[in-house]
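# Task: produce atomic coordinates for the following.
(2 chains)
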Protein chains: 2
Amino acid sequence: MAQYEAPLRDMQFVLHELLNVEPILKKMPAHAELNRELMDQVIEEGGKFCAEVLFPLNQVGDREGCKLDTTTHEVKTPTGFKQAYQQFVAAGWPALSCDPAHGGQGLPHVVQTPMQEMMNAANQAWAMYPGLTHGAYQALLAHGTEEQKKTVLPKLIEGSWTGTMCLTEPHCGTDLGMLRSKAEPQADGTYKITGGKIFISSGEHDMAENIVHLVLARLPDAPSGTKGISLFLVPKFLVGKDGSLGARNTITCGALEHKMGIHGNSTCQMNLDGAVGTLVGQPNKGLNAMFVMMNGARLGVGMQSLGLMAVAYQSSAAYAKDRIQGRSLSGPKAPDKQADPIIVHPDVRRMLLTQRAYLEGSRAFAYWIALQADIAHYSADEDERHDAEDMLALLTPIIKAFITDAGFECTNLGMQVLGGHGYISEWGMEQFVRDARINMIYEGTNTIQSLDLLGRKVLGDGGAKLKKFGQEIESFIGAHYNEPGMKEFTDLLEDIGGKVTDTSMWVGMQGMKNPDEVGAAAVDYLRLVGHMVYAYFWARMAQVALPKAASDPFYRAKVETARFYYTRLLPETEMLIKRIKSGSKVLLSLEADLF
Amino acid sequence: MAQYEAPLRDMQFVLHELLNVEPILKKMPAHAELNRELMDQVIEEGGKFCAEVLFPLNQVGDREGCKLDTTTHEVKTPTGFKQAYQQFVAAGWPALSCDPAHGGQGLPHVVQTPMQEMMNAANQAWAMYPGLTHGAYQALLAHGTEEQKKTVLPKLIEGSWTGTMCLTEPHCGTDLGMLRSKAEPQADGTYKITGGKIFISSGEHDMAENIVHLVLARLPDAPSGTKGISLFLVPKFLVGKDGSLGARNTITCGALEHKMGIHGNSTCQMNLDGAVGTLVGQPNKGLNAMFVMMNGARLGVGMQSLGLMAVAYQSSAAYAKDRIQGRSLSGPKAPDKQADPIIVHPDVRRMLLTQRAYLEGSRAFAYWIALQADIAHYSADEDERHDAEDMLALLTPIIKAFITDAGFECTNLGMQVLGGHGYISEWGMEQFVRDARINMIYEGTNTIQSLDLLGRKVLGDGGAKLKKFGQEIESFIGAHYNEPGMKEFTDLLEDIGGKVTDTSMWVGMQGMKNPDEVGAAAVDYLRLVGHMVYAYFWARMAQVALPKAASDPFYRAKVETARFYYTRLLPETEMLIKRIKSGSKVLLSLEADLF
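Below is the predicted model of the structure:
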C-alpha cells in the first residue's frame, strides 16, 4: 500500500547542508532572529500533520469526490476534509509565511516550501484549497486596495476564508484575450459581474466561512484582447465594512467537473449573475495583477509534483524491498526465501533511481528557488534582490514544466514497480499518476511554460538572465572542479552549460528569421535548460556529499544518485539539441486539413 | 468530444500498397480464393460495427463499470455490453480467423488484425471479452484433447462461450514458479482444483452462456518451480458429453478489482474450491501450453494500444483543427476569426505528428507481423514458415512493449492537445490514457518483454533471428537506396542497423561476464531495436509514397510523417545506446536498504 512519512533528513540536507539557509536568512532584517532549530521544528510538526492527518484522507477524497447539491448550490467535500482543514487552521498553518502586518507569522518561503511539498505528497486535492488561498493572499497583498487588504487578508491568513482564481471560460483558457465576462460599474463604486467560468479549483466547498473569488472580466468599452481585462474581488458572501458577512452573492457553482484525478478538490463551473465585486488594481490591467497569483500558482504546481514524486518513490521503494518474485540474474540474493525481493533486478533499480534523481534534484532546485524568493523579498541589498528576482523569473517555467513532466514520469515509474498491483486503486499508486497528470496542464500548459521561458525569459532580454544563471554555474565549477571526485561531474556540467549557450544563440538567430522556430524549439529547449539546472544541483549535492561518503551511507547514496543522474538521464540532452536544430519545417509542412 | 471512424484508407494503404498481401496470401493453399475486395469488405463492415456499436459504449463502460452480486457471484456488465456482444456473435465475428474444421471462417490473421485494431480503438474494455476468448481458442486448438476440442472449440468460435486465462495469484505474477493452486486427480480422470487467482480479465460476466477458464495449478508431488505447473480447463458450468450445460462449477468470482481504467471489463478475483477441470496438454508442462495463449495475448495487447493511438489521434486532430485560441507566432492564419485554430502552433503539430508517426508505424509493423503469422501458419514452403516463425518470436516482445509504451505516450499527447478539457471525463481523452496504462503491465510487464527480447530472442540464439531481420532491412536498402528521395531515409536506416548490431554484440560480451548487464540494458535495448523496426517500416512507407507524393496529398502526408519520424523521434537511439553502455554498476552499487 502507498505510504508516506516526511523525508526530514533529506529536507534538512537541502536546507542546511546544501543551501546553508540559516546564515543567509539571518542577514535579512526580517529573519535576524530565525534559527535552524525553529525551522526544523516547524517542518517536523508540519510533517506529522501531513502524514497523520492529510495522508489518510487522500484515498478517501479520491473515492468519494465532492458532491454538489443542485438546489442550494452547495458543495460537500469528502469525509474528513473539513475537519482536517479545521485542524490546519487551528494550528495556524495558513499564516506561516504571511505578512505579520496582517496577522501572518512572517516565516520565509524556504520554510513554507517544504510544508507545501509535504502537503502535496500527502494529499494534493486537499492542499489545493489552502494553496489557492495563499495565491489570492499574494495577489491582494500586491494589488488590493487598503480596504480590501484590511477586510480580506486577515481572514485568508487565519484560514477562515479561502480564495480562488476565476480565469478560464469555456471558449478561452490559454488565450484570455477572448474572455467575455462583463463588469458593470455601479453607483456605489462596486461592479456587477456576469459571465461563466470553468475549471475553478476550490470554487465552492464547505470548509470555510467565506470564499473570495478573483475574477477576470471586462469593463464596458474596454479595449479588446488582453489589454481590456480587469480583475475583481467577488466574495461568496458579501462583506460589511466591519468585516461581517452579509447576503449570499450571485456567484454560484453550476456544476462540478468530472475529472481524471484530484477528485477531492471541487473543480467548479461558476456562474456569475450580476455578482457584486470590487476592482483589484487598475482598470484594464487585470492580467498584471493576476500574474502575481499565476506566478505563485506556477511555483505551487511544481511543488504539487514534487510532493507526488516523494510519496510515489517512498511507496514503490518499500514495495520493491518487500515483494519477492524471481531470482537475480547473477544468482539468488535471498537464498533463504522462495524468491528474491524485486529490488535485486537492475531495471527495478533503474525505475527507483530515476524517481530518486528527479525527486531529489527537484527538491534542491525548488528550495533554492524559494530561497531566491526570500532574497527577492527580504534582502537588504538591492542588487541581491534584483538578481534573485531574475532567477525567479527565469526559472519559474522550469519549476512548473520540468518538475511536472518529471512528476508524471516518476509516478508512472512508481506504479510500474508494483506491476499489476500498481493498476489497482486500493494500492494508491494509480491515484498519484492521475493526480500528477493535471499538473502538466493547468496554470499554463507545459507548452505555454516553454514559450514563456524561451520567448520571454531568454530571448526577451537577449539572454541576460540565462547568462546570470550560467555565471553561478561557472563560479561553482571554478570553486570545486579540483576537489576529489568532482571532475566526473564538473566536466559534464561545463559541457552542458556550453551546449545551452550555443543552442540558445542558435534558436535566437533562427527566431529572428522566423518566429515559428521559437515555437518549434520551445518544449525541447525547456527540457534542455532544465537538465542544465538539474546537473548543477546534482553537482552541488555531490560536492557536499563526497567528503562524507566513505563514512556515512546517506552521503554515499547522494553521490551514487548524482552519478546515476549524470550517466542515465543527462544524455537526453543530445537528443533534445538534435530535435531543436531540426527546425520548424518538419512540423509545419503539412496543410492543416491533412491531419 | 472523442470521435472515431475506421481509418479505412490508411489500413488499405498498409495492406495493399505497403504489404501487398493479396498475392502473398493467394499463394497459400488455404487462401487461394481470397481477394482484396473480400478483405476490404470485411474490414469495412467491421469498422461500421466498431464505430457505430462499440464506440458509443466506451464511455458508458468507463462510467458504470461492472457490478458483482456478492450472493449469486454473478457479474453484470455495463449497459449495452451484452447486446453489443449478441450483435457481434450474430454477425459471426468471433469465427473470423478460426479454423474451418471447427466452424471458423478461416480468414487470415492479417484481416483479423485490423478488426482487432478497430475494436480496441472503439472500446478496449469490451474487446477484451472476445480477445481472451480467441486466446483460449488458440491454446486449446494447439494443446487440447480431441474431446476438449470437439466440445469447446465450436462454442468459442460461435461466441456463445467465452474464455479466460487464470495465471496470477496474490503472491505471484511474473514469477509463476511460486504458484500454489492445487489439482487433485479424481477417479473419473478429472481434477479438483483449489486455489485463488487474481486479475482475471473477463473472469465472470453476463454476456455468454458459459465461460471456460484455463487455469494453472500444481498436481500432487509436482516438482517445485515452473516445471511443476499444469494447465486445466475449468468451465463455469460443467459440460456433458453431448455438450449440454450441467451444474455450476465451484469456480466463482469473489470480488471485482477497482482499477485505473478498463472499467468495462470485469477484472475478477476467482476462487476455486474443488472446481472440476480437465488436463490440457501434458502434466507439468502447463506453461508450454499456456505460452500459446500468452503469445497471442502479447500480440493482442499491442493491438489494444494501436487502437487507442488511432482514436486518440483522430480525436485530438479534430480538436486542434476546431479549437481557436491565440495567434500563430508568424502572424494570423485565420484573420477572419477571433483567433487561429491551435493546429497553427508548431508544438501542437509536434504532439499530433508524434502520435501519427507512432500510430502509423505501429500499424505497418503490426500488420506485417500478422502476415508473418499467416505465413508461419499457412505457407506451403517450410523455409518460409520457419523464417516467419522466427520473425514472430523475435518481434512479439517489441509489438507488446514498444507499441504499448508508444500508446501511453500518444494517448497522453492527445489528451495534452485538449488542454484542460483533456482532463475532464466527458471529453473522453483521459479514459484513453487510463485504459492504455494497463497495456504496459499485463501479459508480462514491459521489463519482462525486454528481458525476453534481449535474453531469449537475441542472445539466446547468438543473434541469428536478429540477423535475419537485419538481412531483410539490408535487402530493402539495396533495392531502393538509389530511388529518388530515398537516400534521406536509407542512410539513417543503415546507420541504425549498424548500431543495433554493434550494441547487441557489446551487450552479449558484457552479459557473458556478468548476467546483470543484460538486465541493466534490456529496456533501453528493446527501445533501440524498436526504433530500428519503425525506421524500417517508415522507410518502406516513404518508398511506396514518394512516387505519388506530388500528385496526391495522402502520399505527401506519408512522406512528411516519415521525415518527422526520422528527424524528431529516431534521435532517441543515441541516448539509448549511451545508457546501455553505461552498464549495470550505476544501478547496482547502492545497498537495498539505502532505497
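# for chain A, what are the low-confidence residue spans?
Applying pLDDT under 70 to chain A picks out no residues at all.
# By residue count, tell me the biggest strand in it.
For chain A, the strand with the greatest residue count under DSSP state E is strand A:267-280.
# I'd like to know which elements that one is packed against.
helix A:109-143, strand A:191-201, strand A:210-217, strand A:230-235, strand A:251-256 (3 or more C-beta pairs under 8 Å, 6 or more residues apart in numbering or on different chains; DSSP states H and E). From N, CA and C alone the C-beta is placed, and that goes for glycine too.
# Pairing partners for that strand, with directions?
strand A:191-201 (antiparallel), strand A:230-235 (antiparallel), strand A:251-256 (antiparallel) (DSSP bridges).
# Over to the residue of chain A most remote from its centre: give its phi and psi.
Going by C-alpha atoms, centre = their mean, the residue of chain A most distant from its centre is A:Asp336, 45.1 Å out. With angles defined as degrees, to the nearest 10, A:Asp336 sits at phi -80, psi -20.
# And it, how close does it get to A:Leu587?
Per C-beta to C-beta, to the nearest Å, A:Asp336 is found 57 Å from A:Leu587.
# ditto for A:Val529
20 Å.
# When those two are compared, which one has more neighbours?
Using other C-beta atoms under 10 Å in any protein chain shown as the criterion, A:Val529 and A:Leu587 rank with A:Val529 on top: 27 against 23.
# Helix or strand: which one has that one?
Assigned by DSSP states H and E, A:Val529 falls within helix A:516-545.
# does chain B sit close to the strand or helix carrying A:Thr503?
Using DSSP H and E, A:Thr503 falls within helix A:487-513. No. Helix A:487-513 does not reach chain B (C-beta under 8 Å from any C-beta of the partner chain); its nearest approach is 8.8 Å.
# Can you name every helix or strand that that helix contacts?
For helix A:487-513, the packing partners by 3+ C-beta pairs under 8 Å, 6+ apart are helix A:464-480, helix A:516-545, helix A:572-581.
# closest to B:Leu413 out of those helices?
With distances scored as C-beta to C-beta, the stretch of the helices and strands packed on helix A:487-513 nearest to B:Leu413 is helix A:516-545 (11.1 Å).
# where does the stretch 451-595 of chain A come near chain B, residue by residue?
A:514-516, A:518-520, A:522-523, A:553, A:556-557, A:560, A:563-564, A:567-568, A:571-572, A:574-575, A:578-579, A:582, A:584, A:586-595.
# again with the stretch 51-200 of chain A
Counting by C-beta under 8 Å from any C-beta, the stretch 51-200 of chain A sits next to chain B at A:168, A:172-175, A:177-178, A:198-199.
# Would you format those residues as a markdown table with neighbour count included?
Below are those laid out as a markdown table (neighbours: other C-beta atoms under 10 Å in any protein chain shown):
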| residue | neighbour count |
| --- | --- |
| A:Thr168 | 20 |
| A:Cys172 | 19 |
| A:Gly173 | 23 |
| A:Thr174 | 20 |
| A:Asp175 | 19 |
| A:Gly177 | 18 |
| A:Met178 | 18 |
| A:Ile198 | 23 |
| A:Phe199 | 25 |
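# In strands only, show me those residues.
A:198-199.
# so how far does stretch A:15-32 reach from one end to the other?
End-to-end distance for stretch A:15-32: 17 Å, by C-alpha to C-alpha, to the nearest Å.
# looking at the helices and strands packed on helix A:487-513, which is buried most?
Highest mean neighbour count among these (mean count of other C-beta atoms under 10 Å in any protein chain shown): helix A:516-545, with a mean of 25.
# Compute the inter-axis angle for that one and helix A:464-480.
30 degrees (axes from the mean of the first three to the mean of the last three C-alpha atoms, to 10 degrees).
# what's the angle from helix A:516-545 to helix A:572-581?
Using the same axes, to 10 degrees: helix A:516-545 against helix A:572-581 is 170 degrees.
# need the next SSE after the longest strand of chain A, C-terminal direction.
helix A:286-322.
# gap between that following helix and the chain center?
The chain centroid and the centroid of helix A:286-322 are separated by 4 Å under C-alpha atoms, centre = their mean, to the nearest Å.
# after it comes which helix or strand?
helix A:346-378.
# sorry, back to before: and the helices and strands packed on helix A:487-513: which comes nearest A:Leu8?
helix A:516-545 (16.9 Å).
# How far off centre is that closest one?
That offset, for helix A:516-545, works out to 17 Å (C-alpha atoms, centre = their mean).
# Can you name the next helix or strand after it?
Following helix A:516-545 in sequence, per DSSP H and E, is helix A:553-564.
# Report all helices and strands that that next one contacts.
By 3+ C-beta pairs under 8 Å, 6+ apart, helix A:553-564 packs against helix A:346-378, helix A:516-545, helix B:585-588.
# how about the nearest residue to A:Ala84, chain neighbours excluded?
A:Val53 (5.1 Å; C-beta to C-beta, 6 or more residues apart in numbering or on different chains).
# Contact partners for A:Leu231?
Listed by C-beta atoms under 8 Å, 6 or more residues apart in numbering or on different chains, the contact set of A:Leu231 reads A:139, A:143, A:214-216, A:279-281, A:285-287, A:289-290.
# Mind doing that once more with 7 Å?
A:Leu231 sits next to A:214, A:216, A:280-281, A:286, A:289-290 when contact means C-beta atoms under 7 Å, 6 or more residues apart in numbering or on different chains.
# One more: A:Gln325?
A:339, A:342, B:172, B:174-175 are the contacts of A:Gln325 under C-beta under 7 Å, 6+ apart.
# hmm, 8 Å instead?
So A:Gln325 contacts A:339-340, A:342, B:172-175, B:178 (C-beta under 8 Å, 6+ apart).
# Repeat that for A:Ala334.
By C-beta under 8 Å, 6+ apart, the neighbours of A:Ala334 are A:324, A:340-341, A:344.
# Filtering those residues by proximity to chain B, which remain?
Answer for the contacts of A:Ala334 near chain B (C-beta under 8 Å from any C-beta): A:324, A:341, A:344.
# Got a ChimeraX select line for the buried ones in these?
To isolate the buried ones among the ones next to chain B among the contacts of A:Ala334 in ChimeraX, judged by 16 or more other C-beta atoms under 10 Å in any protein chain shown, type:
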select /A:324,341,344
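# Give me the distance between the nearest residue to A:Leu359 once chain neighbours are set aside and chain B.
Of all residues not flanking A:Leu359 in the chain, A:Met309 sits nearest, at 4.1 Å (C-beta to C-beta, 6+ apart). Per C-beta to the nearest C-beta, to the nearest Å, A:Met309 is found 14 Å from chain B.
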